[in-house]
Each structure stands twice: as structure tokens, then as C-alpha cells.
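Asks: structure here, sequence nowhere to be found:
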């Protein structure tokens, strides 16, 4: 698989997980729909949502549930989008900021994965983003979009990271 496709898939999975998480919080999209939601019931955070979404997607049980009215799915619910950044979900942006300031951490590693940075370059990514923290998080109220754009700008000036400095597809 090429790097652009992997970035697109990761971004898509995270986006779907974030949308599903927000919609479930609002009780709008078949709350608890699919086996993944059943297995990870009650858990919070990016990774349980990703795992629940992946479980639902790989087995097709949420799709089946929506068409058959089983697996806790209710297709009669209105689909909505709350407009929240994927990084704002569950304090992700705050966690990225904290990890970036420290130069390591799970949220920073997840951010590197989202940006398509392979394992061998993630320590360098952590070091560069720590060094340029003030350029990336220009204010305490920085939005996810601003942080992403600033991160990509910093990466584009680094010899190793420039190859990954493209907006996720």
C-alpha cells in the first residue's frame, strides 16, 4: 500500500470514529450500534472508538444491523454532524499539546500515525515538533485546523519530515 493511501485510510477511520463518537453522545445515530460498540461499551478515548469502528467495519455487522434493525442499530435516527474537530474529541488536542511539549507520548504518536509518519521517523517527529512547539501551538485557544496547518508547515522545512508534510487525503 502506498503512503498516501494509508494516510487516507487512517484519516478516514479517525474521522468516522470521531463522528460516530459525537453522534452517539448526542443520541442521534443508533447509539450502541454494532458489535464493536457492544465490546467497547462504556469506554472513552480515541483508541476504543477506533477499535469499535474497526470491529464494526471489518465484520460488516453495523451495516447489517442498520439494514435489518438489529445489533442495536436504528436507521430511522437523523444523521447529524456537530462540526467538532477530530482533535477536539476527548481532549485530543490538549493531549497532543502536552505530549508535544514533553517530546513524547501516546497522543503525539497517534498524531504522527495520522500524518503518515512511519515508525522509524516518529522519534524525529517528536523532537522537531517539541523544538517548534510555539510555532505549532501559537495560542492556548489554537484550533485543530491551525495546529495541523502549523505542524505541516514545520514539517515541510525539515529534511526528513518534508516528505510527509501533505494534508491527509
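Replies: Right, received. Where do you want to start? Everything numeric here is computed off the predicted structure, so don't read it as measured data. Numbers count the residues shown, from 1 in each chain.

Asks: domain ranges for this protein, per the record?
Replies: The chain breaks down by automatic domain parsing into domains covering 3-68, 89-164.

Asks: how about those domains in JSON lines, adding distance to residue 75?
Replies: (Glycine included, C-beta is placed from N, CA and C.) Formatted as JSON lines, these follow (distance: least, Cβ to Cβ, whole Å):
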{"stretch": "domain 3-68", "distance to residue 75": "5"}
{"stretch": "domain 89-164", "distance to residue 75": "24"}
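
Asks: and of the ones you listed, who's closest to residue 76?
Replies: domain 3-68 (8.9 Å; Cβ to Cβ).

Asks: could you check the pLDDT of residue 71?
Replies: pLDDT for residue 71: 74.

Asks: and residue 36, how close does it get to residue 73?
Replies: In this structure, residue 36 and residue 73 are 12 Å apart, going by Cβ to Cβ, to the nearest Å.

Asks: and the domains of the chain as TSV, adding mean pLDDT and mean neighbour count?
Replies: Shown next, in TSV, are these (pLDDT from 0 to 100; neighbours: other Cβ atoms under 10 Å):
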stretch	mean pLDDT	mean neighbour count
domain 3-68	62	17
domain 89-164	90	17
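
Asks: who touches both of residue 36 and residue 73?
Replies: Here residue 36 and residue 73 have residue 62 as joint contacts, going by Cβ atoms under 8 Å, 6 or more residues apart in numbering.

Asks: ok, which stretches of the protein are helices?
Replies: Along the chain, the stretches classed as helices by DSSP state H are 3-26, 35-39, 46-59, 61-68, 92-102, 106-114, 119-131, 133-136, 144-156.

Asks: CSV for those, including distance to residue 166?
Replies: CSV is the format used below for the helices of the chain (distance: least, Cβ to Cβ, whole Å):
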stretch, distance to residue 166
helix 3-26, 8
helix 35-39, 30
helix 46-59, 22
helix 61-68, 31
helix 92-102, 19
helix 106-114, 12
helix 119-131, 14
helix 133-136, 17
helix 144-156, 7
